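A.B. asks: take a look and give me a structure for this.
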Amino acid sequence: MGLFYPRTGCKMPKKVAKGKLEDRLLMKREPAWDKLSKKERDAAGELSVEYRKFLDDAKTEREAVKAIAIYAGARGFHPLESNPHTRPGTRLIYIWKNKCVALAVIGKEPITSGISLVASHIDAPRLDLKQNPLHEEAETHIALLRTHYYGGIKKYQWATIPLALHGKVILRDGKEVEIIVGENPDDPVFTIEDVAPHLYRQSQAKRHLDEGLKGEELHAIVGTLPIDEKGHKGRTKLLVLDLLNKKYGMTEEDFASSELELVPAGKARDVGFDRSLVLGYGQDDRACAFTSLNAICDIGIPKKTAVALFFDKEEVGSEGNTGAHSRLMEGVIARLLQHTEGSCRGAMLRMALENTVALSGDTTSGLDPLFKDVHEASNAAHAGYGVVLTKFTGSGGKFSSNDASAEYVSRIRRLLNENKIPWQSAELGKVDEGGGGTIAKFMAEYGMDVIDLGPCVLSLHAPMELTSKADIYCTKRVYLKFLEGL
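C.D. replies: Sure, this is the predicted structure:
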């Protein structure tokens, strides 16, 4: 202090009231619950009921698209293709390959001035069935489904839990069949067996934790009853195929043209005596998908056209024709330009993309109370402390990341503070501990300003994840204010 004050010409203050400087200068970290009114707490509880239902209805990307379309349709959104004439306030929906969806509310300003965009992803880590999944272990007569895990998982977490089978099969004649088994109370479920602790010391205990169960050991039990016809090889497999044929018209060859996923069975639940947390599958990133869906359905006529975009394939790098690395975003904005302006020249599209402001709706890992050492505490997200602003993602030296500018962070920070929305800034773990990517970097390629913003998750990428109801509520609020216009 002796060095500082003389250089500025200031005099050392004689006395500072206790706590005054702290209040003025220090950033406070407080639970969001302390900042929410009774009315807001009640609203958070009501929102969580809708949220849990969405998690139950949207366990795959295809189911998420259906759930979003039903939710938006009930709130005045109509297919983009059937609305040739648009005006401010028109609510449009566009579905891409049944795995991505865009919702738009036409604003007062032309689309070339940019849009307000919240983009999230609706895929989640899971177990996909292999192309030829069904087999029988001859010695045990147990029929199993071979799987290939999708996204970043701890493989051992997927053993000995009830699993449900969700997906679609295209039969030989082209007929499409939807399959969901394991969600109704009377349904059977499936599971992956694990070796007993009495027997694992030599075969499993010496493995690295990451190989407690190997990828090729993630086989789900689907039957043990042999078919009555003796003399056949694979009698249990044959019975399973017979049941599938009678129920769905399937033969073994039809697995080749299927998209079948094993996901945790059961409904999302409240957690804790205080019911302050939500436990459910796929909250990364359906927490952001639901809150952006709910937000865009609540806006009136925005300044700029508001768009909520829901991508597939983020958990495997956003590749393919339904990932954020595709041209889908360009296609959506081009269609909106065509509808509102009557044409879409290249220069118009580039101008619209460059003038767009965006939020990459994605989650981050919350500070784990039992494994604090993987986080740097002052830059870790805390569950129940509000929405998380993540300036950059990636790993190590910020590789494979978007890094938002100070100017854009300032705009979002003012939006949060002016609307009294509890928030925190954080990154995903220590610098060299790990990290992760989001779709933000693909959006930034168009020149738009973008930053990651969403709730934090405990047990991230586990079969069942945890979020705070306060954080879900705060996320919905900031998405709503953002979509209404910065």
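
A.B. asks: give me the average confidence score over the longest strand along the chain.
C.D. replies: In the chain, assigned by DSSP state E, the strand with the most residues is strand 126-137. Here strand 126-137 scores 96 as its mean pLDDT.

A.B. asks: for that strand, list the C-alpha coordinates in CSV.
C.D. replies: Only the C-alpha atoms of strand 126-137 are listed here, as CSV (Å, rounded to 0.1, in the frame of the first residue of the first chain):
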residue,chain,number,x,y,z
ARG,A,126,-25.0,-44.5,-24.2
LEU,A,127,-24.4,-48.0,-25.5
ASP,A,128,-25.2,-48.6,-29.2
LEU,A,129,-25.9,-52.1,-30.5
LYS,A,130,-23.3,-53.4,-32.9
GLN,A,131,-24.3,-54.3,-36.5
ASN,A,132,-24.5,-58.0,-35.6
PRO,A,133,-25.3,-57.8,-31.9
LEU,A,134,-27.1,-60.9,-30.9
HIS,A,135,-25.2,-64.0,-29.9
GLU,A,136,-25.3,-66.9,-27.4
GLU,A,137,-22.7,-68.2,-25.1
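
A.B. asks: partner strands of that strand, parallel or antiparallel?
C.D. replies: strand 142-150 (antiparallel), strand 258-264 (antiparallel) (DSSP bridges).

A.B. asks: which SSE is immediately downstream of the last one?
C.D. replies: What that stands for is strand 258-264. The C-terminal neighbour of strand 258-264 among helices and strands, as given by DSSP states H and E, is strand 269-271.

A.B. asks: deepest in the core, which of the strands paired with strand 126-137 is it.
C.D. replies: strand 258-264 (a mean of 22; mean count of other C-beta atoms under 10 Å). For the C-beta atoms, the positions are set from N, CA and C on the backbone; glycine is no exception.

A.B. asks: chain center to it: distance?
C.D. replies: Relative to the centre of its chain, strand 258-264 is centred 17 Å away, using C-alpha atoms, centre = their mean, to the nearest Å.

A.B. asks: please apply the same query to stretch 447-463.
C.D. replies: 8 Å.

A.B. asks: heads up, I number from 35, so please use that
C.D. replies: Let's use 35 as the start, then, which means that last one is stretch 481-497.

A.B. asks: pull up the distance across it, start to finish.
C.D. replies: 36 Å (C-alpha to C-alpha, to the nearest Å).

A.B. asks: between the strands paired with strand 160-171, which gets nearest to residue 425?
C.D. replies: Closest to residue 425 of the strands paired with strand 160-171, according to C-beta to C-beta: strand 176-184, at 28.6 Å.

A.B. asks: show me the contact partners of the closest one.
C.D. replies: Identification of contacts with strand 176-184 by C-beta atoms under 8 Å, 6 or more residues apart in numbering yields 157, 159-164, 166-171, 189, 192, 224, 249-250, 252-258, 270-271, 273-274, 295-296, 349-350.

A.B. asks: and the helix or strand following that strand with strand 160-171, angle?
C.D. replies: Counting by DSSP H and E, the next helix or strand C-terminal to strand 176-184 is strand 197-204. If you take axes from the mean of the first three to the mean of the last three C-alpha atoms, to 10 degrees, strand 197-204 sits at 90 degrees to strand 160-171.

A.B. asks: may I have strand 197-204 as PDB, with CA atoms only?
C.D. replies: C-alpha atoms of strand 197-204 as PDB (Å, rounded to 0.1, in the frame of the first residue of the first chain):
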ATOM      1  CA  LEU A 197     -31.100 -50.800 -19.000                       C
ATOM      2  CA  ALA A 198     -33.800 -50.100 -21.500                       C
ATOM      3  CA  LEU A 199     -33.700 -50.600 -25.300                       C
ATOM      4  CA  HIS A 200     -34.700 -47.600 -27.400                       C
ATOM      5  CA  GLY A 201     -34.600 -47.000 -31.100                       C
ATOM      6  CA  LYS A 202     -35.800 -47.700 -34.600                       C
ATOM      7  CA  VAL A 203     -35.500 -50.700 -37.000                       C
ATOM      8  CA  ILE A 204     -36.100 -50.600 -40.700                       C
END
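
A.B. asks: tell me what it is packed against?
C.D. replies: Under the contact criterion of 3 or more C-beta pairs under 8 Å, 6 or more residues apart in numbering; DSSP states H and E, strand 197-204 touches helix 95-107, strand 210-215, strand 292-298.

A.B. asks: please redo it, this time with the cut-off set to 10 Å
C.D. replies: Secondary-structure packing of strand 197-204 (3 or more C-beta pairs under 10 Å, 6 or more residues apart in numbering; DSSP states H and E): helix 95-107, strand 160-171, strand 176-184, strand 210-215, strand 253-257, strand 292-298.
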